[in-house]
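**Q** Provided below for reference: sequence and predicted model.
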Amino acid sequence: MPDAAWDLGRVLPVERPTAAPRHSATVRATHWVTVLCFVALLVSGLEIVVSHPRFYWGENGNALMPALFSIPIPASRSTVPTGYGYVLPDQNGWSRYLHFEAAWLLVATGLLYAIVGMFNGHFRRNLMPGPGLPAEDETWSYNPIQRTTYLAVIFVLFPLMIWTGLAMSPAFVSAVPSTVTLLGGRQTARTLHFFVSIGLVLFLAVHVVMVWRAGFTRRVAAMITGHVRAQDAHE
């Protein structure tokens, strides 16, 4: 009887929900480095555009030539005709340096992500589109449209962004002339670079909205710690 009473009265340990694995260390590290690089590239890229907000097609383009299209903003150079009676402060020096450094860091980060993702099955397991919607126990998975979009960004938009960026580099083009000739000229590369940038910004905006709707705090925490609480995975 004493033993039975002790069994009935003892305090049983409470099972705590375990954290389910979500993101590997490589995915988390490359994700946040990419975020920092993207912000740096966006800010510096905007400043570079302000220095000459006119776009052309082909090899050559300057203020004396008709533009393919123009962005209706003041320029930071008085030699660029914009229709405004004033110019913005010229920040072209630091912006080009930051753009260059951030771009190469992003390239290295992207290569690391792609190589590791191919070897550890990340793309096949988490990003390859599958039939139908995720099951109830896979609510943190992406649907086929999301997976296809991520793959398009990783394997189409980012490589095109890198290619068009290299095509505007005189040093790189002198070593690999086909980089720019295949695109039809440096100004074509610049124009394509601009449109791909817009595509990436739109993707980022949609991505942030989807993360917000799915639970911003939980999703960001999972991308920081690599895990998601068991009860959150089924919400």
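**A** Structure's in. What do you need?

**Q** any weak-confidence spans in the protein?
**A** Residue ranges of the chain with pLDDT under 70: 1-21, 130-142, 228-235.

**Q** what helices and strands are in contact with the lengthiest helix in the chain?
**A** Using DSSP state H to define each element, the chain has its longest helix at helix 186-225. In terms of contacts (3 or more C-beta pairs under 8 Å, 6 or more residues apart in numbering; DSSP states H and E), helix 186-225 is packed against helix 25-51, strand 54-55, helix 158-166, strand 227-229. C-beta: built from backbone N, CA, C; applies to glycine.

**Q** can you add mean neighbour count and distance to Gly215 and give those back as CSV?
**A** CSV is the format used below for the helices and strands packed on helix 186-225 (neighbours: other C-beta atoms under 10 Å; distance: least, C-beta to C-beta, whole Å):
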stretch, mean neighbour count, distance to Gly215
helix 25-51, 17, 17
strand 54-55, 20, 40
helix 158-166, 19, 27
strand 227-229, 18, 10
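
**Q** would you mind giving those as TSV with distance to Gln146 added?
**A** Conversion of the helices and strands packed on helix 186-225 to TSV gives the following (distance: least, C-beta to C-beta, whole Å):
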stretch	distance to Gln146
helix 25-51	15
strand 54-55	31
helix 158-166	17
strand 227-229	17
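
**Q** quick revisit: the longest helix of the chain to helix 158-166, inter-axis angle?
**A** Angle between the axes of helix 186-225 and helix 158-166 is 130 degrees (criterion: axes from the mean of the first three to the mean of the last three C-alpha atoms, to 10 degrees).

**Q** buried residues in helix 186-225, which are they?
**A** Using 16 or more other C-beta atoms under 10 Å as the test for burial, helix 186-225 gives 186-193, 196-197, 200, 218-219, 221-223.

**Q** same question, stretch 174-186
**A** For stretch 174-186, the buried set under the neighbour-count rule, 16+ other C-beta under 10 Å, comprises 179-180, 183, 185-186.

**Q** tell me how far it is from the chain's mean position?
**A** Here the centre of stretch 174-186 is set off from its chain's centre by 25 Å, with C-alpha atoms, centre = their mean, to the nearest Å.

**Q** and Thr225, how close does it get to Ala108?
**A** 24 Å (C-beta to C-beta, to the nearest Å).

**Q** still on that earlier bit, how about the helices and strands packed on helix 186-225, which one is nearest Asn143?
**A** Among the helices and strands packed on helix 186-225, the nearest to Asn143 by C-beta to C-beta is strand 227-229 (17.7 Å).

**Q** find the residue closest to Tyr150 in space, skipping its chain neighbours.
**A** Excluding the flanking residues, the one nearest Tyr150 by C-beta to C-beta, 6 or more residues apart in numbering is Leu127, at 5.4 Å.

**Q** go on, Trp163?
**A** Thr179 is the one closest to Trp163 (C-beta to C-beta, 6+ apart), at 7.0 Å.
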